[in-house]
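K.L.:
Please find the sequence and the predicted model below.
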Amino acid sequence: MLNAFPYDTYAQSNWVFLIQYAIFEPHLVVRQIVELKTLFHYKSMPDAMVDATYYYILAYSSLAISVIMTKTSWPWSGEANESDATVKKADTFNNNLIRQLLSGSGPPSQPKMLVKSYIYYMFNDDKKPSYGMFYEMLGSLLS
């Protein structure tokens with residue numbers, strides 16, 4: 001089970017990665033991440049996160065098991081220095097995540113592996129206050 005928060009990885013890398021890579025948007029092949037040992041090309045950060053988890057499990061166990069993203073989301077609001085935490089980018093991430101999951105294609109090392117995921121933050125919580133998908137709708141229903 002993998003808690004995959006591409007935004008956190010993207011932001012903590014000091015924006016070394018392209019935003020397109022983090023939110024499943026197309027970008028030039030020359031800007032894709034290439035794993036040097038296998039030469040797999042990673043088009044998205046979530047695919048790289050799933051593969052990294054899969055290989056970590058294989059390194060410590062002989063079991064080849066599926067990886068499930070138990071939590072994933074993108075923030076719709078951030079601090080002043082977090083310009084990529086927007087409603088538009090959160091919407092893009094969530095829609096592209098759903099599109100990727102429905103495509104039935106897995107990460108580069110396991111292209112036929114059906115990746116399962118849960119968009120965990122349907123509503124805001126105190127640990128990640130701007131990750132909820134329905135926060136504003138809920139607020140308008142309560143007023």
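P.N.:
Okay, I see it. Numbers count the residues shown, from 1 in each chain.
K.L.:
going forward, measure contacts between C-alpha atoms and count neighbours the same way
P.N.:
Will do.
K.L.:
Okay, buried residues for stretch 27-44 please.
P.N.:
Buried residues in stretch 27-44, defined by neighbour count with 16 or more other C-alpha atoms under 10 Å: 32-33, 41-44.
K.L.:
Which pair in these has the greatest spatial separation?
P.N.:
Greatest spacing in those, by C-alpha to C-alpha: 41 and 44 (9.2 Å).
K.L.:
Specify which residues of the chain, grouped into ranges, have pLDDT under the cut-off.
P.N.:
Within the chain, the set of residues satisfying pLDDT under 70 comprises 120-129, 134-143.
K.L.:
what is in contact with residue 41 and residue 44 at once?
P.N.:
Counting by C-alpha atoms under 8 Å, 6 or more residues apart in numbering, the contacts common to residue 41 and residue 44 are residue 32.
K.L.:
Quick one: residues contacting residue 5.
P.N.:
Contact analysis of residue 5 by C-alpha under 8 Å, 6+ apart lists 71-74.
K.L.:
before we move on, what about residue 54?
P.N.:
Residue 54 makes contacts with 64-67, as judged by C-alpha under 8 Å, 6+ apart.
K.L.:
one more time with 10 Å, if that's ok
P.N.:
By C-alpha atoms under 10 Å, 6 or more residues apart in numbering, the contact set of residue 54 is 1-2, 48, 64-68, 107, 109-110.
K.L.:
Including neighbour count and distance to residue 12, could those go into JSON lines?
P.N.:
What follows is these, written out as JSON lines (neighbours: other C-alpha atoms under 10 Å; distance: C-alpha to C-alpha, whole Å):
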{"residue": "1", "neighbour count": "14", "distance to residue 12": "22"}
{"residue": "2", "neighbour count": "15", "distance to residue 12": "18"}
{"residue": "48", "neighbour count": "21", "distance to residue 12": "16"}
{"residue": "64", "neighbour count": "10", "distance to residue 12": "30"}
{"residue": "65", "neighbour count": "10", "distance to residue 12": "29"}
{"residue": "66", "neighbour count": "16", "distance to residue 12": "27"}
{"residue": "67", "neighbour count": "19", "distance to residue 12": "23"}
{"residue": "68", "neighbour count": "18", "distance to residue 12": "23"}
{"residue": "107", "neighbour count": "23", "distance to residue 12": "23"}
{"residue": "109", "neighbour count": "19", "distance to residue 12": "25"}
{"residue": "110", "neighbour count": "15", "distance to residue 12": "27"}
